[in-house]
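Enquirer: 3D model of this:
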Amino acid sequence: MSIPESPSPSPQSSKNENIIPNDAIVLVVEDNVSNFVLIARMLGYMGIHCEWKTSGYEVVEYADTLPHVDLVLMDIRLPYEDGYGALKKIRASKRLKDTLVVAVTAEASLEQIKKAREAGFDGFIGKPLNPDRFPDQIRRILAGESVWEITG
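Expert: Numbers count the residues shown, from 1 in each chain. The predicted model follows:
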């Protein structure tokens, strides 16, 4: 289920095909190895380099070691510090405050989308992720389009 903020182009639109920067870096904050491997493979297929953290704890310090971060895909339920706590730290960081941060969670509901919006996330993708839709979702996000979708 998609909750668009405004009319958006068709998910199959090809105009977003070439918007991914050659040196794009996505930081995936995910504690489940299988989920990370799936995300990494899909991003790799798109030509996007990704880095991985297993918790929100120290995510800002880790991101600061990277040359840049174009997007953070943040699980909500994480050990030590959840995605909401990590988002607060990212928004407080001088270098990362404007970085796109999208919630990626199995807790996909209208209530969770509302909570994620209020917390300051830039988008929401529910799990399980759909390998047929995920590349377009990422292209749209990197093109500056808001993606708020309950089903991956």
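Enquirer: Strands of this structure, start to end?
Expert: For the chain, the strands defined by DSSP state E occupy 25-29, 49-53, 71-74, 100-105, 123-126, 148-149.
Enquirer: Can I get the ones you listed in TSV including mean pLDDT?
Expert: TSV is the format used below for the strands of the chain (pLDDT from 0 to 100):
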stretch	mean pLDDT
strand 25-29	96
strand 49-53	95
strand 71-74	97
strand 100-105	96
strand 123-126	96
strand 148-149	96
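Enquirer: is it true that N130 touches T151?
Expert: Yes - under the criterion of C-beta atoms under 8 Å, N130 makes contact with T151 at 7.0 Å. Any C-beta I mention is one placed from the backbone N, CA and C, and that applies to glycine too.
Enquirer: If we go by neighbour counts, what in stretch 145-152 is buried?
Expert: The neighbour-count check on stretch 145-152 (16 or more other C-beta atoms under 10 Å) flags 145-149, 152 as buried.
Enquirer: can you tell me which helix in the protein is longest?
Expert: Counting by DSSP state H, the longest helix found in the chain is helix 33-45.
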